[in-house]
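Trainee: got a structure for you, letters missing:
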Ligand SMILES: O=C(O)C1=C[C@@H](OP(=O)(O)O)[C@@H](O)[C@H](O)C1
Ligand SMILES: C=C(OP(=O)(O)O)C(=O)O
C-alpha cells in the first residue's frame, strides 16, 4: 500500500486552533476479528466500513490463499466473505502476515482446523515479535507447529486437523492477542474448551472487543467474574451484515490535536457504547485539562489554554501511549507513562523509539524498563523524526509538527499499516 509517499514529509504548523469534524477509518481490531469470524461462519457475511490498510490486506490475502471467497470494495470498505462453517478450504498454503499482530496471532488457531502444512511468515520485525505462548498452547491442543528458524518465532509451519477441547492456560503478559486468537477459533474445537489467562493480561480491553464481535456473530463466551477464565462450548458463527465502528486509536491523534492547539475536534461514529479501550485516552486528556463530550454517536474534545502533565498507567490502552508522549512536551508539568513494557515487543521497541525521538526534539526523557517520564523543555526544537517502520511513531510525532515549525517525518508511508489516508486527514485540520 506504500504507493506514493515521499521519503520525508515536512509538517506545516497550524496557524490557529483546530476546529474540525474528522472521520477516521474503521477499527483495525474490529475489522480483522470480523473478517476472520465471517470466514468461519456458516454462510456469507458483509463487513461494512472495514479498514482498508496493510493489516487488513494481509488478513484478506491469507483468507483468499486459504480458498475463501473474499470480495472487497476498497472505496466503500464493504467486504463480502463466504464463510465455510469452520472448514479451511485449502489443504495447504503459503501465507504472509506482514507485521500485523492481529493476523499473526488470530490466524494460527484457525489454521489448526485445516489440514496443512500451512507455512506462515511475516516481516523481519514480525519474526522477532513474540509467538511462543500461542505456539505452545496450540501444541497442547493437538496442533503440530514447527518453527523453521528460531524456536517460538515465525516462520512457522502448521499441521492441523483438529483443535482439542479441554482446559488450557495461556500467558497474556506479552500480548492479549494470543488469548483473542484462541477465543475466536475456540467454538470450532472438538469439545468444550476452557481458556485461562495467566500472569498479567496486557491490553485487556481488546479481549472485550473479541467477545463482542464473537457475540455479534452469534457465539456467547462464558467469562469468570474476574475475566480470567473463558468457557466456550462448540458452536457455529452465523453470518452477519456487520458495520465496523471507527478506530479509536486512529481518533486519538485528532483528539490530541484539539488538546495541543486549544481547539475543537469532533469524531463521528464513535460513542459511549464502544468497546474500544483506547477511548480511555479521553480520560487522560480530561485530566490534562480538556473538555470531553461523549455522545451516542460522536465524541468531541475541546482543548484547554494550557495542558497539564499527568501520571498514567497505560497498560490497557498503550496504542495511545505515543499520542500522549507527543503532546506531553507541551504541558506545564512532566508526564509519566507507566506499565507499558509490552510495547517494546510491538512494531518497534516503542519506549526506546519514543525516548530517542523526543530527545532529538530537545525533550528530556527518563526511560525505565516499563515507563517514560517526559519533562517539557522551554522550547521544543525542530528535527527530522525517525519512525522505525512504526505507523504510530509517524502519526503521533506529526502532532509535534502542528506546533513546532520545521518538524519532518521520515518514511511517512509507514502509516499504511493502519491509516493510509492519515496525512490527508491531518491536512483537514487547517
Ligand atoms: O487485539 C488487538 O486487536 C490488539 C491488541 C493490542 O496488542 P497487544 O495485546 O499485543 O498489546 C494492541 O496493541 C493492538 O494494536 C491490537
Ligand atoms: C501494536 C499494534 O499493532 P499489532 O496489531 O501489529 O500488534 C498497533 O497497531 O499499535
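Mentor: Thanks, I have the structure now. Keep in mind that what you see is a predicted model, and the values were worked out from it rather than measured. Ligands and ions are numbered 1, 2, ... in the order given.

Trainee: where along the stretch 1-150 of the chain do the helices fall?
Mentor: 28-40, 54-65, 101-111, 124-128, 132-140 (DSSP state H, counting those that start in this stretch).

Trainee: reformat those as CSV; add mean neighbour count, distance to ligand 1 and mean pLDDT.
Mentor: Heads up, the C-betas are built off the backbone N, CA and C, glycines and all. Converted to CSV, these look like this (neighbours: other CB atoms under 10 Å; distance: least, CB to the nearest ligand atom, whole Å; pLDDT from 0 to 100):
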stretch, mean neighbour count, distance to ligand 1, mean pLDDT
helix 28-40, 28, 3, 99
helix 54-65, 22, 9, 98
helix 101-111, 26, 5, 98
helix 124-128, 16, 12, 98
helix 132-140, 20, 11, 98
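
Trainee: residue 72: neighbour count?
Mentor: Residue crowding around residue 72 was assessed by other CB atoms under 10 Å; the count is 19.

Trainee: the closest residue to it other than its chain neighbours: what's it in contact with?
Mentor: For residue 72, ignoring the flanking residues on the chain, the nearest one in space by CB to CB, 6 or more residues apart in numbering is residue 79 at 4.6 Å. The contact partners of residue 79, by CB atoms under 8 Å, 6 or more residues apart in numbering, come to 35, 38, 46, 47, 50, 60, 70, 71, 72, 73.

Trainee: try residue 246
Mentor: For residue 246, counting by CB under 8 Å, 6+ apart, the contacting residues are 23, 24, 25, 26, 27, 49, 267, 268, 269, 270.

Trainee: are any of these buried, and if so which?
Mentor: 24, 25, 26, 27, 49, 267, 268, 269, 270 (16 or more other CB atoms under 10 Å).

Trainee: among the contacts of residue 79, which one lies nearest to ligand 2?
Mentor: Of all the contacts of residue 79, residue 35 has the smallest distance to ligand 2: 13.8 Å, by CB to the nearest ligand atom.

Trainee: what's the separation between the closest residue to the closest one other than its chain neighbours and residue 190?
Mentor: In space, and not counting its chain neighbours, residue 35 is closest to residue 59: 5.5 Å by CB to CB, 6+ apart. Summarising the geometry, the distance separating residue 59 from residue 190, computed by CB to CB, to the nearest Å, is 25 Å.

Trainee: residue 263 versus the closest residue to residue 222 other than its chain neighbours, what's the distance?
Mentor: Residue nearest to residue 222 in three dimensions, not counting chain neighbours: residue 231, with 4.2 Å by CB to CB, 6+ apart. For residue 231, the distance to residue 263 under the criterion CB to CB works out to 48 Å.

Trainee: more neighbours: these two, which one.
Mentor: residue 263 (18 against 15).

Trainee: kindly confirm my reading that residue 292 is in a strand.
Mentor: Yes: the assignment for residue 292, made by DSSP: H, G, I helix; E, B strand; the rest coil, places it in a strand.

Trainee: quick one: contacts for it?
Mentor: For residue 292, the contact set (CB under 8 Å, 6+ apart) comprises 282, 285, 286, 299, 300, 301, 302.

Trainee: among those residues, which are located in helices?
Mentor: Counting by DSSP state H, the members of the contacts of residue 292 that fall within helices are 282, 285, 286.

Trainee: make JSON lines out of those residues and add pLDDT, distance to residue 256 and neighbour count.
Mentor: Formatted as JSON lines, the ones in helices among the contacts of residue 292 follow (pLDDT from 0 to 100; distance: CB to CB, whole Å; neighbours: other CB atoms under 10 Å):
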{"residue": "282", "pLDDT": "98", "distance to residue 256": "11", "neighbour count": "22"}
{"residue": "285", "pLDDT": "98", "distance to residue 256": "7", "neighbour count": "26"}
{"residue": "286", "pLDDT": "98", "distance to residue 256": "13", "neighbour count": "14"}
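
Trainee: before we move on, back to that, and the residue nearest to residue 35, how close does it get to residue 52?
Mentor: Noted for residue 59: a distance of 11 Å to residue 52, by CB to CB.

Trainee: residue of this protein with the smallest distance to ligand 2?
Mentor: Nearest residue of the chain to ligand 2, counting by CB to the nearest ligand atom: residue 101, 2.5 Å away.

Trainee: quick check: phi and psi at the closest residue to that residue other than its chain neighbours.
Mentor: Computed as CB to CB, 6+ apart, the closest residue to residue 101 that is not its neighbour in sequence is residue 177, at 5.4 Å. With angles defined as degrees, to the nearest 10, residue 177 shows backbone torsions of phi -70, psi -30.

Trainee: contacts only, for residue 177.
Mentor: Contacts of residue 177 (CB under 8 Å, 6+ apart): 101, 102, 104, 105, 106, 134, 203, 206.

Trainee: interface residues of this protein facing ligand 1?
Mentor: Residues of the chain that fall close to ligand 1, judged by CB under 6 Å from any ligand atom: 29, 101, 102, 175, 176, 177, 180, 202, 203, 206, 319, 342.
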